[in-house]
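J.: Predicted structure and sequence below. I'll ask about it afterward.
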Amino acid sequence: MKRWIDILLDFFLAVVGLAILWVFAQVFLFASFHIPSDSMEPELVEGDFVAVWKPVLGARLFNLNATLRLEQVEIHRVSGFRNIERNDILVFNFPHPNNWDKIEMHILKYYVKRCIGLPGDTLSIKNGQFRIEGVNEPLGNIASQQKIGQTSPEEFPGGVYRSFPYDSIIGWNIQNFGPPIKDYCFQKDYYFMAGDKGENSQDSRYWGLLPEEYIVGKAAFIWKSVDPYTGEFRWERFFKAIH
């Protein structure tokens, strides 16, 4: 009897230990997210499963139980290997899960987009293409931006052409956007996010800037890909690095 008790106790401790390691890994090391749309094509396609390696930017710490009750919580981030950079593809909590008038975090609603603008940048869109003052490097998917710039306003589907902040005076749109505001002091770090398929992407052009604490981490690689229509594995996309 004592031998069986010892075996059961060892098994129980092993299960508890594995559970603790799994939770630790989920909080501090990695997470997996499914791509549900074509808004990040061609880099990410519908049916991809992307892995986020959290130590790159640093894991977030917050009251998980409170967020599951949809309460807004204070979020802290541990130190990571580096800061967010332009053209990073990031997974984040969508900042407007309930309505467009209020920034809130919903722990179960995630987006994945490319970072175009960093804190301190002066960003504009000219003829559909992203511009940042003092920066010459390509930003995002240039082919998609050129397509947007060459499309007449009447050709865009309803609700696609006009953009944040939907002001009747300045009239920003996805072809020509910003920056008439001369000075504004932000209270925290914000980022401008955009989809690679700009003609079909719900991103910062429509809902504004992303708070830093809503960012889960940088998408590192595609660990699995399944065709959503046939259910077949797309083996050529397995373990593909994300750029």
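T.: Perfect, I can see it now. A quick note: this is a predicted structure, and the numbers were derived from the prediction, not measured.
J.: Where do the helices of this structure begin and end?
T.: In the chain, the segments counted as helices under DSSP state H are 2-28, 64-68, 142-149, 204-207.
J.: Extract the CA atoms of the shortest one and return them as PDB.
T.: When you say that, I think you mean helix 204-207. What follows is helix 204-207 as a C-alpha-only set of coordinates in PDB (Å, rounded to 0.1, in the frame of the first residue of the first chain):
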ATOM      1  CA  SER A 204      -5.000  52.400 -36.900                       C
ATOM      2  CA  ARG A 205      -6.200  54.200 -40.000                       C
ATOM      3  CA  TYR A 206      -9.700  53.600 -38.800                       C
ATOM      4  CA  TRP A 207      -9.500  53.300 -35.000                       C
END
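J.: Read off the pLDDT value for the residue lying closest to K147 once chain neighbours are set aside.
T.: Spatial nearest neighbour of K147, excluding adjacent residues (CB to CB, 6 or more residues apart in numbering): E199 at 6.5 Å. All C-beta atoms are positioned from the backbone trio N, CA, C, and that covers glycine. Among the per-residue scores, E199 holds a pLDDT of 93.
J.: Pipe the helices of the chain into CSV and attach mean pLDDT and distance to V50 per row.
T.: Rendered in CSV, the data for the helices of the chain read as follows (pLDDT from 0 to 100; distance: least, CB to CB, whole Å):
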stretch, mean pLDDT, distance to V50
helix 2-28, 78, 15
helix 64-68, 85, 21
helix 142-149, 96, 20
helix 204-207, 96, 20
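J.: just to revisit the earlier point, and the residue nearest to K147, what is it in contact with?
T.: E199 makes contacts with S144, K147, I148, T151, F156, V160, as judged by CB atoms under 8 Å, 6 or more residues apart in numbering.
J.: Could you check how far the fifth one is from I169?
T.: Same thing as F156. Going from F156 to I169 by CB to CB, to the nearest Å gives 21 Å.
J.: okay, these two: which has more neighbours?
T.: F156 (16 against 5; other CB atoms under 10 Å).
J.: Need phi/psi at that one.
T.: Phi and psi for F156, reported as degrees, to the nearest 10, are phi -80, psi 140.
J.: who's in contact with the lengthiest strand in the chain?
T.: In the chain, assigned by DSSP state E, the strand with the most residues is strand 215-225. Contact partners of strand 215-225, identified using CB under 8 Å, 6+ apart, comprise 31-33, 44-45, 47-54, 56-57, 59-60, 84, 88-93, 110, 112, 191, 233-234, 237-242.
J.: Give me the subset of those lying in strands.
T.: Among these, the members that lie in strands (by DSSP E) are 31-33, 48-53, 60, 89-93, 110, 112, 191, 240-241.
J.: Between the helices of the chain, which shows the greatest average number of neighbours?
T.: Among the helices of the chain, ranked by average contacts under mean count of other CB atoms under 10 Å, first place goes to helix 204-207 (a mean of 21).
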